[in-house]
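S.K.: using only what follows, build the 3D model:
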Amino acid sequence: MRMAFDGIGEKEDRPFTAHITLARNRSGTPGSFASLLKSEAGRSFGTVKLSTLKLKSSTLTPQGPVYSDVGVYPLA
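M.R.: Residues are numbered from 1 along each chain as shown. Below you'll find the model as predicted:
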């Protein structure tokens, strides 16, 4: 199946893994993220079925970001 964005950007050889970036904490202070979650607690963003939640960390390097799992939490 041909996608609308095929041919745009660089070719990616890694398999696609759906993900959502909920927040970036540049300050390193965990309380700021908790505060954001509390302020948006009643907001609806739609519905999706999740099987795993991965808490990721990214380290920015001159070659690009390096991602690592901080925690992996099965939901099913």
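S.K.: from now on I want contacts and neighbour counts done on CA atoms only, so please keep to that.
M.R.: Noted.
S.K.: quick one: contacts for the residue positioned nearest the centre of the chain?
M.R.: Nearest to the geometric centre of the chain sits Thr21, at 3.1 Å (CA atoms, centre = their mean). Residues near Thr21 by CA atoms under 8 Å, 6 or more residues apart in numbering: none.
S.K.: tell me the pLDDT of it.
M.R.: Predicted confidence (pLDDT) for Thr21: 76.
S.K.: next one: it from Leu50, what distance?
M.R.: 14 Å (CA to CA, to the nearest Å).
S.K.: show me where pLDDT drops low in the protein?
M.R.: Low-confidence segments of the chain (pLDDT under 70): 1-7, 9-10, 25, 27-30.
S.K.: just the strands in it please.
M.R.: 52-61, 64-74 (DSSP state E).
S.K.: adding mean neighbour count and distance to Ile8, write the ones you listed out as TSV.
M.R.: Converted to TSV, the strands of the chain look like this (neighbours: other CA atoms under 10 Å; distance: least, CA to CA, whole Å):
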stretch	mean neighbour count	distance to Ile8
strand 52-61	12	24
strand 64-74	10	19
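S.K.: okay if I get the ones you listed as a markdown table plus distance to Arg14?
M.R.: A markdown table is the format used below for the strands of the chain (distance: least, CA to CA, whole Å):
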| stretch | distance to Arg14 |
| --- | --- |
| strand 52-61 | 18 |
| strand 64-74 | 14 |
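S.K.: quick one: closest of the ones you listed to Glu12.
M.R.: strand 64-74 (14.6 Å; CA to CA).
S.K.: pull up the pairing partners for that closest one, direction included.
M.R.: strand 52-61 (antiparallel) (DSSP bridges).
S.K.: what are the contacting residues of the strand it pairs with?
M.R.: Pro65, Val66, Tyr67, Ser68, Asp69, Val70, Gly71, Val72, Tyr73, Pro74, Leu75, Ala76.
S.K.: JSON lines for those, including distance to Lys11?
M.R.: Formatted as JSON lines, the contacts of strand 52-61 follow (distance: CA to CA, whole Å):
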{"residue": "Pro65", "distance to Lys11": "18"}
{"residue": "Val66", "distance to Lys11": "19"}
{"residue": "Tyr67", "distance to Lys11": "20"}
{"residue": "Ser68", "distance to Lys11": "22"}
{"residue": "Asp69", "distance to Lys11": "25"}
{"residue": "Val70", "distance to Lys11": "28"}
{"residue": "Gly71", "distance to Lys11": "29"}
{"residue": "Val72", "distance to Lys11": "28"}
{"residue": "Tyr73", "distance to Lys11": "31"}
{"residue": "Pro74", "distance to Lys11": "31"}
{"residue": "Leu75", "distance to Lys11": "32"}
{"residue": "Ala76", "distance to Lys11": "33"}
